[in-house]
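[1] Generate a structure from the sequence data that follows.
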Amino acid sequence: MITDIWITYIVIGVMLLFLLTNVYSAEVIVLSAVLVLIWSGVLSLTEAFGGFINEGVLTIASLFIVMNSIQKHPSFSNITKFVFGNKQTLRSGMSRMMVVTGGLSSFMNNTPLVVLFTPIVKRWAEKQSIFPSKLLIPLSYAAIIGGMCTLIGTSTNLVLHTLLLREGYKGFSLFELAYIGVPFFIIALFYMLFFGYRLLPQHDTNYLQKIISPKFIVEVKVNEQFSGTGKTLEEAGLRHLKKCYVMAVLRQGEWIFPVSPTQKVNDGDHLLFVGDETCSQEIEHMRGLVIEHSRYDFTDHHNEFKLVEATVPQHSSYVSERISDIKFRTRHGGIVVAVYRKGRRINEKIGSIRLKSGDMLVVLTTNESLKTDRASKNLLVLDVYPTDKNGTFKDWIPIGLFGLMLLLVSFGLVQIAHAAITTAIILILLKVTTFDEAMEAIKWDILFIIGGAFGIATAMTKSGAADSVVNLVFLNLDAMTPFILLMSVYLVTNILTEIITNNAAVVIMFPIVLSFVNELSLNPHPFAVVLAIAASASFSTPIGYQTNLLVYSSGQYRFADFIRVGLPLNIIGFIMTMTIVPLLWPLS
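    Numbering: from 1, shown residues only. Coordinates of the predicted model:
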């Protein structure tokens, strides 16, 4: 037993270390930890992977399918017209944006919402001569707090709900967490409108105008003196330049894009090079390549091409990979023309840059490839997809079924798991979505993290590690009041969620909380509520929550910006939770 405890300690400690360093994706780290626990004998195969077939994981997977069907509705992207339809001031625009975002994120995944809203917010802000950096952090915060308000607002709430049911306790009702979430949202809204916005930086975030300057994109004409005429780009020595590379070829008025290494160079071709500020200097020394004084602009003359922003999410498989190694052109039908990290452009050859989570890529691509990349788990494209199409009866089916699902669950007529799974299957049977689309809609990385985390929780309980932590940390447990324990749970969980994933933080903390709750005969429900709120209240760092990471580079923020604006919100959330929870849920 003692050996199992120490093995569990070591495995969890190493897992946390790898999650902090972000060397591998979170799902790989969590599943590797579970595998070690299996081989060490702490867990059986059934115990290790039982979390993958529990109702929490199945509910989350089903909700991904349902929400993806709703987000495909032609009118979904037009919701944003309500937010920024008329000329408004910074504070009026911020208030409407936060209310709409918070309301929507109460019932759907907040990451797609922030992906949708980010380019719209930036475009509106630039038209109103407002710095987008004044709005993007509030956008993320609204999505986070909105998710706290309902059982289905975030996967963390559903994970806790499942953990409670598994231990024989009553889970959360659909709107139970709204007793804290809604007041918290209202106070956070007033905080941002009257105080927080003053703490937000003023950064010019118009990447695209900077990128299309002749300093970074150089147009070159090939004449008869070029020795590489008739040869491929590889043979002509244009494939492995130190400072730049060929991103497109204009030949007799037609664009060749993207360009492969086997593309031949003809006399009279116009080659578009992209690189750093010294790109033109490298080309000047090549005989037969003449730098044009007037540069062709994709965005003004060709609707089929676009320069867009894309963010590398936290658990992307692209993290730590060189751009040249991920075959970006083949996978995405476009090319990276610039990489920004922490608000600053990386002045290196594009292909040699190793990507990190939060990197902002400026990509030249086509409208068609953008539409397929929007749901990518490796790259989140921040662009607007307007549509003038009117919704058909079939388009309204997922919205109607989702409304019915909420109604049945809120009145306690069916369990959330039964309702979500049934709704997803009906959508497939009615051919509102295909089976392949449903599989693509599921965020498998999140499910692997959650399923593996259930195995970690089982190991902590079975080995006695959770009881051991309670005895070590709370030596005077009997002398501590339930309220002090409640505060301790909030603070520890909140710190954990700022440095690792919120689901991992919850699953690590739950067995520990359950151990002292049982020992002291306390009510587990208020402690579960505190876990749910604290795990989602990630405001002080850009790495604690996916939506923070999304706006991090797009808003050219610094790490300190999140601390300055978010720390007061963390304190507000702590005070509100500690005030409301003991009033509504008895601790003993």
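[2] Can you name the residues that contact the closest residue to residue 426 other than its chain neighbours?
    Distance criterion Cβ to Cβ, 6 or more residues apart in numbering; nearest residue to residue 426, sequence neighbours excluded, is residue 401 at 6.2 Å. C-beta here means a position set from N, CA and C on the backbone, and glycine is covered the same way. If a contact means Cβ atoms under 8 Å, 6 or more residues apart in numbering, then residue 401 has 66, 423, 426-427 as its contacts.
[3] What about those, which are in helices?
    Judged by DSSP state H, those include 66, 423, 426-427 as members of helices.
[4] Drop anything exposed from those.
    Among the ones in helices among the contacts of residue 401, those scoring as buried are 66, 423, 427 (criterion: 16 or more other Cβ atoms under 10 Å).
[5] buried residues in the helix ranked longest in the chain?
    When the chain is parsed with DSSP H, its longest helix is helix 559-584. By neighbour count with 16+ other Cβ under 10 Å, helix 559-584 contains the buried residues 561-562, 565-566, 568-570, 572-574, 576-577, 580-581.
[6] tell me what that helix is packed against?
    The contact analysis (3 or more Cβ pairs under 8 Å, 6 or more residues apart in numbering; DSSP states H and E) places helix 559-584 against helix 136-147, helix 178-191, helix 482-499, helix 524-536.
[7] Buried residues in the strand or helix carrying residue 198, which are they?
    Per DSSP states H and E: residue 198 is located in helix 197-199. Residues of helix 197-199 classed as buried: residue 197 (neighbour count, 16+ other Cβ under 10 Å).
[8] cool, stretch 196-206 as well?
    Neighbour-count burial for stretch 196-206 flags 196-197, 200-201, 203, 205 (criterion: 16+ other Cβ under 10 Å).
[9] Stretch 24-37 now?
    Within stretch 24-37, the residues that qualify as buried are 24-34, 36-37, counting by 16+ other Cβ under 10 Å.
[10] just checking, next helix/strand downstream of the helix or strand of the chain with the lowest mean pLDDT?
    When each helix and strand of the chain is scored by mean pLDDT, DSSP states H and E, helix 298-301 comes last, with a mean of 50. Later in the chain than helix 298-301, the nearest helix or strand by DSSP H and E is strand 305-311.
[11] rewinding a little: which single one of the buried residues of helix 559-584 is nearest to residue 251?
    residue 561 (46.0 Å; Cβ to Cβ).
[12] Does residue 491 touch residue 574 like I think?
    Yes - the pair residue 491 / residue 574 is scored as a contact, 7.3 Å apart, by Cβ atoms under 8 Å.
[13] What separation do you get for the nearest residue to residue 463 once chain neighbours are set aside and residue 467?
    With Cβ to Cβ, 6+ apart as the criterion, residue 463 has its nearest non-adjacent residue at 3.9 Å, and that residue is residue 4. Distance, residue 4 to residue 467, by Cβ to Cβ, to the nearest Å: 12 Å.
[14] do residue 500 as well
    22 Å.
[15] Just give the number of residues close to residue 250.
    17 (other Cβ atoms under 10 Å).
[16] ok, now residue 322?
    13.
[17] Run a quick neighbour tally on the closest residue to it other than its chain neighbours.
    Leaving aside its chain neighbours, residue 322 sits nearest to residue 354 (5.5 Å; criterion: Cβ to Cβ, 6+ apart). Applying other Cβ under 10 Å, we find 15 residues neighbouring residue 354.
[18] Using a markdown table, lay out the buried residues of helix 559-584 together with pLDDT and distance to residue 433.
    Putting the buried residues of helix 559-584 into a markdown table (pLDDT from 0 to 100; distance: Cβ to Cβ, whole Å) gives the following:
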| residue | pLDDT | distance to residue 433 |
| --- | --- | --- |
| 561 | 90 | 39 |
| 562 | 91 | 36 |
| 565 | 93 | 39 |
| 566 | 93 | 37 |
| 568 | 94 | 42 |
| 569 | 94 | 37 |
| 570 | 93 | 39 |
| 572 | 95 | 40 |
| 573 | 94 | 36 |
| 574 | 96 | 41 |
| 576 | 94 | 39 |
| 577 | 95 | 38 |
| 580 | 95 | 39 |
| 581 | 95 | 39 |
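[19] Go through the residues you listed and name the one nearest residue 245.
    residue 561 (33.7 Å).
[20] right, and the closest one touches residue 137 too?
    Yes - look at residue 561 against residue 137 with Cβ under 8 Å: they come within range, at 7.1 Å.
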